[in-house]
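>>> Build me a model from this:
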Amino acid sequence: MGSPLWAESPYNIEIVTLDFLGNLQRTMMCGELRATNDGDDVVLMGWVNRRRDHGQLIFLDLRDRSGITQVVLDAEKAPEAHRKAEAARSEYVVAVKGRVRRRAQGLDNPNMATGEIELVAAELLLLNEAKTPPFSPADDAISNEEVRLKYRYLDLRRPVMQKNFELRHKVARAIRNYLSDEGFLEIETPFMTRSTPEGARDYLVPSRVHSGSFYALPQSPQIFKQILMISGFDKYFQIARCFRDEDLRADRQPEFTQIDLEMTFPRQETVFQVVEGFLKAAFATAGIELAGSFVQMTYDEAIAKYGIDKPDMRLPAMVDLTGELTSGLRETLKIEQALPVLGFVIPGVGALSGTQKRGLVDEIRTSFGESGLDFLDVARLKTNAEFVPLAEAISAKMADGLGAPALNADDLVVVITPKLGTPAKWNHDPQWIFKRVGALRLTLAQKFADKHGRFKQTGTAEDFKFLWVTDFPMYEWDEEAKVWNAAHHPFTSPHEEDIKAGRLVNDKGAVRALAYDVVLNGTELGSGSIRIHRQDVQAEIFRSLGMTDAEAKERFGFFLEALEYGTPPHGGIALGLDRIVMILAGATSLREVIAFPKTAKAIDLMVDAPTPVSEAQLKELSLKIAGKS
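Numbering: from 1, shown residues only. Sure thing, here's the model as predicted:
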């Protein structure tokens, strides 16, 4: 006979002899036991979360996905089990057979769901050993992000991560069920498709069969879901994997998951109702009951009030103070006559010392650089009789913007004015002042987040401020190339009146798209649009982007041909599932809700990808690696 299975174990077999599971079956999960189970005989299986040795008594905290139960191993009552527990260490895999009992009076642990009981072991099986881990899954936080990602299988054992992925599962299931009940069909679209320009770089897949040709991984199922509408499926959805080769950040990964849907004969409001419905269903799985319809505002309104197209409405909007500054006051204070004056309030910041305030003003002015914007000190205006009426008018307008009779003493008031000579446009953008001030509002909101407390989660619907942003610009100006580019994918429909007015040719900057974003707490959850369903309109859009008919046919010929076969009006949207779960979980990075994410450099540290491949593989694909020049 050959040597026993465990003879080649890398661990010290003289100390630990591992058991086989045999016919033993788990009867309950570790986190399910309660006081009502007192006296029950149960079998638990899981990992040793912590071990505490008190001589005659050894305590093992046994962990599985559902939670933790304290196991007591008594040397007198179960000497064999106690002996094995002496060898057990953190992350050993064990099975325990025993009886549940109430803990002694005063020994309850209110921090554990199972804290009223413990399991008195009669038998302990050591099913597998574990090397000493680089960090303990019992720890609440691990500071080294790279170590977490390298040993992701250990990181995912942590209760907070298990909870995140249970939440992700529930959210996806709720969305899938809702859309199915609304008559949507779940249809898969290809992973290997044609490379088309969609805003980011494609991940390319070389074809072995067709030497020199490539597939592309889909940035989204956009064209395919439109073709499904042409195919008569009426309502489609998919929880779709998407791929984009772009620079990464906390809320962006090279591969991500979209809730993708499309429907025929919709109005914008039709799409809004469907999305609000499945988001309410998804949030309800986390105990958040969303009520009412989401706020709606146009792109221009969002820029005017918040300086950004994804407003965070947990803090007050900007206030337009242009009307408070008369021509004479502007001349005296050296403020440009025709440009806007904007202010905003960060509530609850508290009193700032003179040094702190000067430092803050310097920080604001430095952030504006040579743009021509400046900080107007309202408190200082109040010390000069000439400007007291102006200061009072500004304070009243700011309080009105808060919906309050007056400002509080601990509110931080920021007013920004354009200096003489400040340009009306910056990089062809007439809204640049609103955007700069809006960016400052967000910077200061983060800076004083601990003081104003508006970003803290309370576990109620008040934590979540949703809105729809509509009527986005159809085109955006490329100052370097001096051309108008599509602000969205080129299948987005313009407003009908803008087409009829000839603005596609005569005034591209005024053309509005039938495009919309759903925004939550300053994060864009998803974008969508009513699509172009007429071939003549699609061709005109391509021409307006400087694309010849030949170029359009080369890039999108199959789609343009499909449009000629009775395409119904259609529209849809795609929302980021990862972002929804991240926000619901209170996480700060998508990596907390994606099982096997990449680093900021698009590296998978656990499997060490990407890696070079062999010359034989390259030769088979007719590829050769050329060094960068």
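>>> Show me the shaky parts of the chain.
1-16, 197-199, 250, 629 (pLDDT under 70).
>>> The longest helix along it: how far from the chain's middle?
As assigned by DSSP state H, the longest helix anywhere in the chain is helix 159-181. Computed by CA atoms, centre = their mean, to the nearest Å, the chain-centroid distance of helix 159-181 equals 15 Å.
>>> What residues of that helix count as buried?
Burial within helix 159-181, assessed by neighbour count using 16 or more other CB atoms under 10 Å, is assigned to 159, 161-162, 164-165, 167-168, 170-172, 174-176, 178-179. Bear in mind the C-beta positions are built from the backbone N, C-alpha and C, glycine included.
>>> now what about the longest strand belonging to the chain, what contacts it?
Identified as the longest strand of the chain according to DSSP state E is strand 41-54. With contacts defined as CB atoms under 8 Å, 6 or more residues apart in numbering, strand 41-54 is touched by 24-30, 33, 58-64, 68-69, 71, 85-86, 88-100, 119, 127, 130, 137-138, 157.
>>> quick one: strands adjacent to it?
strand 57-64 (antiparallel), strand 93-102 (antiparallel) (DSSP bridges).
>>> what residues are up against the closest residue to F135 other than its chain neighbours?
Nearest residue to F135 in three dimensions, chain neighbours excluded: I142, at 4.8 Å (CB to CB, 6 or more residues apart in numbering). Counting by CB under 8 Å, 6+ apart, I142 touches F135, R148, D155.
>>> of all the residues you listed, which comes closest to R454?
Among these, R148 lies closest to R454 (CB to CB), at 29.5 Å.
>>> How about the closest one, nearest residue that isn't a chain neighbour?
Distances taken as CB to CB, 6+ apart place D155 nearest to R148, at 4.5 Å, with adjacent residues excluded.
>>> now do R101
Nearest to R101 is V120, by CB to CB, 6+ apart, at 5.7 Å.
>>> What segments of the stretch 1-150 of the chain are helices?
Assigned by DSSP state H, counting those that start in this stretch, the helices in the stretch 1-150 of the chain fall at 79-87, 145-150.
>>> Dump the C-alpha coordinates for the first one into CSV.
Coordinates of the C-alpha atoms in helix 79-87 are reproduced here as CSV (Å, rounded to 0.1, in the frame of the first residue of the first chain):
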residue,chain,number,x,y,z
PRO,A,79,-11.3,14.9,26.6
GLU,A,80,-10.7,13.8,23.0
ALA,A,81,-12.4,17.0,21.6
HIS,A,82,-10.5,19.1,24.1
ARG,A,83,-7.2,17.5,23.0
LYS,A,84,-7.9,18.3,19.4
ALA,A,85,-8.9,21.9,20.3
GLU,A,86,-5.5,22.3,21.8
ALA,A,87,-4.1,21.9,18.3
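>>> tilt between that helix and strand 41-54?
Comparing the axes of helix 79-87 and strand 41-54 via axes from the mean of the first three to the mean of the last three CA atoms, to 10 degrees yields an angle of 50 degrees.
>>> List the buried residues of helix 79-87.
A81, H82, K84, A85.
>>> Output those as a markdown table; include the columns distance to G509.
A markdown table is the format used below for the buried residues of helix 79-87 (distance: CB to CB, whole Å):
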| residue | distance to G509 |
| --- | --- |
| A81 | 77 |
| H82 | 79 |
| K84 | 76 |
| A85 | 74 |
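>>> if we can go back for a sec, closest to F472 out of the strands paired with strand 41-54?
It's strand 57-64; of the strands paired with strand 41-54, that one is closest to F472 (CB to CB) at 47.8 Å.
>>> could you measure the residue nearest to F135 against A600, distance?
Counting by CB to CB, to the nearest Å, the gap from I142 to A600 is 17 Å.
>>> out of the helices of the stretch 1-150 of the chain, nearest to V295?
With distances scored as CB to CB, the stretch of the helices of the stretch 1-150 of the chain nearest to V295 is helix 145-150 (35.7 Å).
>>> Check which residues of the closest one are buried.
Buried residues in helix 145-150, counting neighbours by 16+ other CB under 10 Å, are found at V147, R148, L149, K150.
>>> looking at the strands paired with strand 41-54, which is buried most?
strand 57-64 (a mean of 21; mean count of other CB atoms under 10 Å).
>>> just the angle between it and helix 159-181, please?
Using the same axes, to 10 degrees: strand 57-64 against helix 159-181 is 30 degrees.
>>> what does strand 57-64 rub up against?
By CB under 8 Å, 6+ apart, the surrounding residues in contact with strand 57-64 are 29-31, 44-52, 68-75, 82, 85-86, 88, 94, 96, 119, 137-138, 157, 159.
>>> Test my guess that F387 contacts A379.
No: counting by CB atoms under 8 Å, F387 does not reach A379; the two are 11.0 Å apart.
>>> So for the two, which sits in the more crowded spot?
Neighbour tally, F387 and A379, criterion other CB atoms under 10 Å: the higher count belongs to F387, 17 against 10.
>>> How much space separates the residue lying closest to R249 once chain neighbours are set aside from E524?
Leaving aside its sequence neighbours, R249 sits nearest to A600 (CB to CB, 6+ apart; 7.3 Å). Note on A600: its distance to E524, by CB to CB, is 20 Å.
>>> What of S367?
Distance from S367 to E524, by CB to CB: 23 Å.
>>> try K150
K150 is 31 Å from E524, by CB to CB.
>>> Please apply the same query to P610.
Distance from P610 to E524, by CB to CB: 28 Å.
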